[in-house]
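1. The sequence and its predicted three-dimensional model are supplied below.
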Amino acid sequence: MTLRIVTILMLAASAAAAQSVDDLRWLEGTWETEGSGAAYSETWEYRNGELHGKAATIIKSDTVDSEALRITSLGGHLLYIAVPGSQSPTMFTFVKAGEASWLFANPEHDFPVEIEYQRRGENAFTAVIRGPKPAAGKQREMRFELKRK
């Protein structure tokens with residue numbers, strides 16, 4: 001665990017631009033998408049200088065997957081923390097920002113190794129998760145097009 005935190009903080013130290021949680025406050029609220037018979041949602045709330053989120057995948061009114069999310073600052077470094085179901089937390093470090101995008105990475109994680117949020121105006125964003133595809137040696141990418149509820 002200590003090595004993982006050191007690696008994550010080293011990635012954060014190499015980030016091109018200093019970012020704060022406040023830069024992502026536009027995420028506050030509830031966001032939804034639908035497709036392929038499943039609905040996905042993220043709900044974010046700003047509390048005590050952090051963004052706290054909840055993600056859920058729903059199929060036929062049943063929540064089939066959920067995770068707690070948090071975007072926080074630790075030692076001046078921006079972190080995205082995901083806790084899927086009852087699993088242990090996984091930390092992703094902010095590595096770069098574009099004009100309207102924020103990329104977090106954890107190269108030690110199996111999947112995803114990258115999480116990117118791409119803002120699409122005031123009422124939409126795309127969440128992209130990337131990582132290696134098992135046994136194929138290729139990159140796997142999943143995109144979620146979300147709209148403000």
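-> Alright, I've got the coordinates.
2. Check the offset of the longest strand along the chain from the chain's centre.
-> Ranked by residue count, the top strand of the chain under DSSP state E comes out as strand 62-74. Its chain's average C-alpha position is 8 Å from that of strand 62-74, according to C-alpha atoms, centre = their mean, to the nearest Å.
3. What of stretch 142-149?
-> 12 Å.
4. for that stretch, which positions count as buried?
-> Along stretch 142-149, these residues count as buried under the neighbour rule (16 or more other C-beta atoms under 10 Å): 144, 146. C-betas here are computed from N, CA, C, even on glycine.
5. residues making contact with that stretch?
-> Stretch 142-149 is contacted from outside by 29-33, 40-42, 112, 122-130, using C-beta atoms under 8 Å, 6 or more residues apart in numbering.
6. Could you rerun that using 7 Å?
-> With C-beta atoms under 7 Å, 6 or more residues apart in numbering as the test, stretch 142-149 has contacts from 29-33, 40, 42, 123-129.
7. thinking again about what came up before, which strands and helices lie in contact with the longest strand of the chain?
-> strand 50-59, strand 77-84 (3 or more C-beta pairs under 7 Å, 6 or more residues apart in numbering; DSSP states H and E).
8. Tell me which other helices or strands the helix or strand hosting Thr126 touches.
-> Element membership for Thr126 (DSSP states H and E) is strand 124-133. Helices and strands touching strand 124-133, by 3+ C-beta pairs under 7 Å, 6+ apart, are strand 114-119, strand 138-148.
9. Repeat the analysis, applying 10 Å as the threshold.
-> strand 29-35, strand 38-47, strand 101-105, strand 114-119, strand 138-148 (3 or more C-beta pairs under 10 Å, 6 or more residues apart in numbering; DSSP states H and E).
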